[in-house]
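1. Next come a sequence and a model predicted from it.
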Amino acid sequence: MMLIVRRLIDRLLQAGLILSFTVLSVCVIWQVFSRYLLGNPSTWTEETSRFAVIWLSLLGTAYGCGRMEHMAYDMLREKLSGDALLTHMRAVAACVLAFSAAVFVYGGARLVLRAGEFGQLSSTLEVPMSWVYACIPIAGVCMVFYQIAILVDPAAFRHADEVEQALDHANKELPA
């Protein structure tokens, strides 16, 4: 069950990342086009691209946590194996879980609620800032889920080393 939820969260985060990057790209291209070719720079693209970067970075952080590609120190992990490695993974997951729950989920939810209470709007687009800030607790919930999954079954999470994965795949596919 946890694997199914993990894959669903992965897909949702991937879709959010693709959407955020697409919005960012379109805004930047339109800004350049309208400024230099039309001579009339668009006013909404700067704020939209800023919000897209915020969502992109926070959703990317959550996605990186799910793939164990977040900021980490590798020196100790490379020297560990077996149960010691799994214990180390659980300890790191517990620290990331505590931070994510406190800062992203709790703090982010309070920020969203406060922005909603005050009716804070963005200056150019006049969208509720609570919509912009919503990415903080969303990313936090995803990070908390991933860390719980690591605590439950750390062996199911390997550090995502794409070169190592490609070599393993090539060794299986190519005859000796």
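-> Nice, I can see it.

2. which helix in the protein runs the most residues?
-> helix 2-32 (DSSP state H).

3. Give me the buried stretch members for that helix, please.
-> 6, 9-10, 13, 16-17, 20-21, 23-24, 27, 30-31 (16 or more other C-beta atoms under 10 Å). (C-beta placed from N, C-alpha, C; glycine too.)

4. give me the low-pLDDT residue ranges for the protein?
-> 71-75, 77, 158-167, 175-176 (pLDDT under 70).

5. The buried residues of helix 2-32 into a markdown table, with extra columns for distance to A134?
-> Formatted as a markdown table, the buried residues of helix 2-32 follow (distance: C-beta to C-beta, whole Å):
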| residue | distance to A134 |
| --- | --- |
| R6 | 22 |
| I9 | 16 |
| D10 | 20 |
| L13 | 14 |
| G16 | 11 |
| L17 | 16 |
| S20 | 13 |
| F21 | 18 |
| V23 | 15 |
| L24 | 18 |
| C27 | 19 |
| W30 | 25 |
| Q31 | 25 |
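
6. which helices and strands does the longest helix of the chain pack with?
-> helix 44-66, helix 135-152 (3 or more C-beta pairs under 8 Å, 6 or more residues apart in numbering; DSSP states H and E).

7. Helix 135-152 and that one, what's the angle between them?
-> With axes from the mean of the first three to the mean of the last three C-alpha atoms, to 10 degrees as the basis, helix 2-32 and helix 135-152 are set at 150 degrees to each other.

8. Can you tell me which of the helices and strands packed on helix 2-32 is nearest to L113?
-> helix 135-152 (9.7 Å; C-beta to C-beta).

9. Next, the buried residues of the closest one.
-> By 16+ other C-beta under 10 Å, the buried positions in helix 135-152 come out as 135-147, 149-150.

10. the inter-axis angle of it versus helix 44-66?
-> Using the same axes, to 10 degrees, helix 135-152 lies at 10 degrees relative to helix 44-66.

11. Check which helices and strands helix 135-152 sits against.
-> Helix 135-152 packs on helix 2-32, helix 44-66, helix 82-99, helix 108-118, going by 3+ C-beta pairs under 8 Å, 6+ apart.

12. next SSE after the last one?
-> Think helix 108-118. helix 129-133 (DSSP states H and E).

13. Can I get that following helix as CSV, trimmed to CA atoms?
-> Only the C-alpha atoms of helix 129-133 are listed here, as CSV (Å, rounded to 0.1, in the frame of the first residue of the first chain):
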residue,chain,number,x,y,z
MET,A,129,-1.0,34.9,-1.3
SER,A,130,-2.3,31.9,0.6
TRP,A,131,-2.4,30.1,-2.8
VAL,A,132,1.3,30.9,-3.3
TYR,A,133,2.2,29.9,0.2
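
14. I appreciate the help and will end here.
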